[in-house]
Structures are given as C-alpha cells and as structure tokens.
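Engineer: This is a predicted model, with the sequence first.
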Amino acid sequence: MAYCNKCGSFIPDGAKFCENCGTPVAVEKAETDYNQFNDSYAQQGSFHEAPQTDYQQQNYYQQPYQQSFQRPKSSVSFKEAITMFFTRYVDFSGRSVKSEFWYVFLFNMIVSGILGFLAYESNGFSVLTSLYSLATFIPSLALSFRRLHDIDKSGIYILISLIPIAGFIILIVWFCKDSAPDNEYGPAPEFVNPNSSY
C-alpha cells in the first residue's frame, strides 16, 4: 500500500505513476531494489548490511514517503477541535473529521449565545458580538471546506447554502456523514478502509 508523495492519493500495487497527478512512484521502486539487494546478500552468507542505494541516502524522497502514512485521527476532543479551528485559520485545503466540525459548531453556538444575552442586557456588548462573528467567519468557512473535502466533495459545494431552506438541510446532512476513504484532498483518517467504496 502506497500514497503519492506529491498529492497524497492512494497508489495501487504495481502502479508506476500516480493516477491523480502523474508523479512517478520512485521511492517504492527504490525500496524494492534495496530489499532485493539485502536478500541477495543474505543468501550469499554475508552478515554485513548491504550498502544504501542513492535513494536511501537521500532524505528528499524518503521523508515525504514516511509522512504519507501518518493518518489524521478519526475523532478529536473538544479542546483539540477548538485549537485546530484557530490554528488552521485560513487553511482551505486538507480534511477535517466530523467531530472537529461539530465541536466547533457547539463552541460557536455557546459563545454566540452568551454574547447575545450580554448584548440584550447591555448595548455595549452588541459591538463585541459583531466582532466575534466577523473574526470567526473565515475560519468557519475554511472548516466547512475541509469537512466537505473529508466526504470527498469540493469546497465549492458550500454555495448550496444559498438555496433557501433546502440548501441548508443538504449541508447539514453532508456534515453529518462519516469520513470518506482516501481521496485527492488527503489520506483518510484512522480506521477508515482506504480501499472501500463510498
């Protein structure tokens, strides 16, 4: 099982190039050659480790290949979700799991409710409510894009929300879906079969 160094797409066994971006599968071949070289050394009775190939000596190919197997968590805690919400402020790429989206949604509802109550009691808080809504608009949009990516849909589908009532309902149903297998936006989270159909 392998993943593309460039786009992170799943590469079937025996493939020479990534089907998504066309990148050559150089590292997998280098590692196969390296393992075959080690096997031939063992058969000859040598107890010395085989010398490294050029690909093994260069971290340029090896490091991204290893990182591609570091799958994101299938579920995050409330604290992790809020931390990622503000650290990935304008990150419209990649994927976000269901728990990350809904924990942030809950957090924003609680904060907005508190600020709305304070604004009702005192007019001075109405400006603070508006500032919070403005400050969280872009990260909320970025999170929505990543959640759509996680179910294998383009972020442009967020425009469905412009359709009165029906568009909002469709988005809610999509945001409740489980993570899709590996796709062009990145590897699937843990415990998701990368070979299953969605």
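Structural biologist: Here it is on my side, so go on. Residues are numbered from 1 along each chain as shown.

Engineer: And the helices in this protein, which stretches?
Structural biologist: Ranges of helices within the chain are 26-43, 54-57, 59-67, 78-87, 98-121, 125-135, 137-150, 166-175, based on DSSP state H.

Engineer: There's contact between residue 161 and residue 174 in this structure, I believe.
Structural biologist: No - judged on Cβ atoms under 8 Å, residue 161 makes no contact with residue 174 at a distance of 10.7 Å. For every residue, glycine as well, the C-beta is placed using N, CA and C.

Engineer: neighbour-wise, which of the two wins?
Structural biologist: Neighbours per residue (other Cβ atoms under 10 Å) separate residue 161 from residue 174, with residue 174 holding more: 17 against 14.

Engineer: what's near enough to touch the more buried one?
Structural biologist: For residue 174, the contact set (Cβ atoms under 8 Å, 6 or more residues apart in numbering) comprises 147, 148, 151, 153, 157.

Engineer: Give me the distance between the third one and residue 120.
Structural biologist: Think residue 151. 37 Å (Cβ to Cβ, to the nearest Å).

Engineer: Who has more neighbours out of these two?
Structural biologist: Higher neighbour count among residue 151 and residue 120: residue 151, with 19 against 11, using other Cβ under 10 Å.

Engineer: Just give me the neighbour total for the nearest residue to the more buried one once chain neighbours are set aside.
Structural biologist: Excluding its sequence neighbours, the residue lying closest to residue 151 (Cβ to Cβ, 6 or more residues apart in numbering) is residue 177, at 4.7 Å. For residue 177, the neighbour count with other Cβ under 10 Å is 15.

Engineer: Same question for residue 126.
Structural biologist: 14.
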